[in-house]
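# A structural model of the following input is requested.
(4 chains)
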2 protein chains.
Amino acid sequence: MTANPARADIHLSARKRAGNGAAPRDVADDIGLDALVGHAGYAVRRFQIWIFQDFIRTLGDVDIRPTQYSVLTVIGANPGLSQMAVAKRLGIERARLVHLLDSLEQRKLVKRTKSKEDRRSHALHLTAQGETALAKFKRLAAEHERHVEAKIGKANREQLLRILAGFT
Amino acid sequence: MTANPARADIHLSARKRAGNGAAPRDVADDIGLDALVGHAGYAVRRFQIWIFQDFIRTLGDVDIRPTQYSVLTVIGANPGLSQMAVAKRLGIERARLVHLLDSLEQRKLVKRTKSKEDRRSHALHLTAQGETALAKFKRLAAEHERHVEAKIGKANREQLLRILAGFT
DNA sequence: GAAAGATTGTTGTTGACGACAACAATTGCC
DNA sequence: GGCAATTGTTGTCGTCAACAACAATCTTTC
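Numbering: from 1, shown residues only, chains lettered A, B, ... in the order given. Here you go, the predicted structure:
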């Protein structure tokens, strides 16, 4: 959505002194970014904000946020994992994961069981309810991914995934 | 920095053959991500975290974070802008910009002057000190950008910027 | 085998950040 | 002149990352 064709051509020739004397830019539309254009971090950040908003909106009915989805996906693909392992794999702190799992466990999607081998750790599993729910989440996530495709183009999305494959 | 060198030696199957046949993958290295791979949002998020950390570290000596840098850059390229215009252009809330400018003004990098045309708004300018400081920040930011190039490759970085140009 | 050290889950604090709501001063519209 | 809208400001709330401390439990070392 919001196919912004008017915005797409700003990135080149943004902010050049077009010689007009006193144009009182009352709106924030033709404001130059100067050195900001050309910074990968800025573009990536704006894109990430857009992606997360679309993800949250697309999965709004089931009330699942990106981080929750990633936790469920990893547990679903690797049952019995410890909290430490999940946190390390996803790059979130174990302190943060505690609250995430509290929420997911309250919603009966995940259960923590005491590990037999290491009684310090918890073995994480999806509940039966969690399994079927995750299947639905994955369908919605695929729909979200189609939104990304529609936004930047199918070929560009694949290019992007290829370029950033090392960060997963 | 968050290097954590003590961790670096665990990562490759150090204890996989612990003798017990169960081997419940106690390390988080060969954990499958399943559906997470192939999600643009996940890759973009991880990449953005890496970029910001490198930016913060590279500009750590001058104590400038990405958002502050973007504000300074926009003001430097468009002197006299109102807070509303800056906030709208960068996609930050004007409430948030207040604190950002408070900090930057305390550090004598930016000054707010009452606008003559609209006495509600403030005209934002860099101080002389702010100008020279921004020049230094830009050199450091360029160095950070070279880190990005070294990480994903020069051609890939340009591809990325081209793909995401519509979001700036 | 016991002491010393490391790891796991947990709780709490701090700070950056976005979203919202309310407010005074000011401007624009009618 | 009166009323709605805008601008900067203050405040609250919720998310999120980074740390620090702690009890329970392994692991190492002597």
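
# count of residues packed around residue A:159?
Neighbourhood size, residue A:159 [other CB atoms under 10 Å in any protein chain shown]: 17. Just so you know, the C-beta spots here come from the backbone N, C-alpha and C atoms, and that holds for glycine as well.

# touching the helix or strand it falls within from outside, list them.
Per DSSP states H and E, residue A:159 falls inside helix A:154-163. For helix A:154-163, the surrounding residues in contact (CB atoms under 8 Å, 6 or more residues apart in numbering or on different chains) are A:145, A:148-149, A:152, B:38, B:40, B:43-44, B:152, B:156, B:159-160, B:163.

# hmm, which of those is lowest in pLDDT?
Ranked by pLDDT, the contacts of helix A:154-163 bottom out at residue B:38 (84).

# how about the contacts made by it?
So residue B:38 contacts A:145, A:161 (CB under 8 Å, 6+ apart).

# confirm it sits in a helix?
No: the assignment for residue B:38, made by DSSP: H, G, I helix; E, B strand; the rest coil, is coil rather than a helix.

# backbone phi and psi for it, please?
phi 100, psi -10 (degrees, to the nearest 10).

# kindly provide the distance from it to DNA strand D.
Separation of residue B:38 from DNA strand D (CB to the nearest atom of the strand, to the nearest Å) stands at 20 Å.

# kindly report the same for residue A:93.
On the measure of CB to the nearest atom of the strand, residue A:93 and DNA strand D end up 5 Å apart.

# what angle separates the helix holding residue A:159 from helix B:154-163?
Put simply, helix A:154-163 runs at 140 degrees to helix B:154-163, going by axes from the mean of the first three to the mean of the last three CA atoms, to 10 degrees.

# now do the helix or strand hosting residue A:123: everything it contacts.
Taking DSSP H and E as the criterion, residue A:123 maps to strand A:122-126. Contacts with strand A:122-126, where a contact means CB under 8 Å, 6+ apart, come from A:72, A:75-76, A:79-83, A:86, A:101, A:109-115, A:134.

# which among those end up buried?
A:72, A:75-76, A:81-83, A:86, A:101, A:109-112, A:115, A:134 (16 or more other CB atoms under 10 Å in any protein chain shown).

# the residues you listed in strands, which ones?
Among the buried ones among the contacts of strand A:122-126, the members falling in strands are A:110, A:111, A:112 (criterion: DSSP state E).

# now do the longest helix along chain A: everything it contacts.
What stands out as the longest helix in chain A, according to DSSP state H, is helix A:128-152. Helix A:128-152 is contacted from outside by A:1, A:50-51, A:54-55, A:58-59, A:61-62, A:64, A:69, A:72-73, A:76, A:104, A:108-110, A:126, A:157, A:160, B:35, B:38-41, B:163-164, B:166, using CB under 8 Å, 6+ apart.
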